[in-house]
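*Asks:* Could you work out the structure for the sequence below:
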Amino acid sequence: MVTRDGFTVDWDEPGEEGGTVVEVTISGLVTYYREDGTTEIDGYEVSLTNLADDGDAAASQSNLTYFLVGDLRVTLRRVQTISYGLGFAEGTIRLEVSRGVSLTLEEPDDE
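*Replies:* Numbers count the residues shown, from 1 in each chain. Next up, the predicted model:
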């Protein structure tokens with residue numbers, strides 16, 4: 001169950017290659033309040049960026065505060081940057097892999 005109290009995203013730890021960073025994006029719906037006093041429901045994203053690729057990342061209560069109860073989309077993106085030389089030229093290779101999952105945000109149970 002995913003609640004506003006937060007949750008942890010887990011993934012397989014990388015090999016020895018290093019140079020990999022992780023970004024977690026959480027997408028869902030929020031209520032926007034307009035200056036005229038009306039409300040509008042629209043999409044919203046929170047990104048946790050430049051995370052160490054150590055196997056998990058936590059989405060805290062502050063990251064989830066504004067999302068409405070219901071569907072969330074969580075996307076994990078791993079990016080590895082490698083410097084490469086061919087003798088006559090040098091360059092950078094950027095390898096990016098992403099995976100998204102759908103979750104349902106629920107109200108926490110009162111204890």
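
*Asks:* for the nearest residue to Glu96 once chain neighbours are set aside, what are its contacts?
*Replies:* Excluding the flanking residues, the one nearest Glu96 by CB to CB, 6 or more residues apart in numbering is Val79, at 4.8 Å. C-betas here are computed from N, CA, C, even on glycine. Val79 makes contacts with 20-23, 94-96, as judged by CB atoms under 8 Å, 6 or more residues apart in numbering.

*Asks:* Could you tell me how many residues sit around Ile41?
*Replies:* By other CB atoms under 10 Å, the residues close to Ile41 number 10.

*Asks:* does it really touch Tyr33, like I thought?
*Replies:* No: Ile41 sits out of contact with Tyr33 when judged by CB atoms under 8 Å, with a separation of 11.0 Å.

*Asks:* Grab the most central residue of the protein for me.
*Replies:* Val24 (1.8 Å; CA atoms, centre = their mean).

*Asks:* Tell me the helix or strand right after whatever helix or strand that one lives in.
*Replies:* Per DSSP states H and E, Val24 falls inside strand 20-33. Next in sequence after strand 20-33, counting helices and strands by DSSP H and E, comes strand 39-52.

*Asks:* helices or strands up against that following strand?
*Replies:* Strand 39-52 makes packing contacts with strand 20-33, strand 56-60, helix 61-64 when contacts are defined by 3 or more CB pairs under 8 Å, 6 or more residues apart in numbering; DSSP states H and E.

*Asks:* re earlier: can you tell me how far the residue nearest to Glu96 sits from Thr49?
*Replies:* Counting by CB to CB, to the nearest Å, the gap from Val79 to Thr49 is 10 Å.

*Asks:* what residues are shared contacts of the two?
*Replies:* Contacts common to Val79 and Thr49, judged by CB under 8 Å, 6+ apart, are Glu23.
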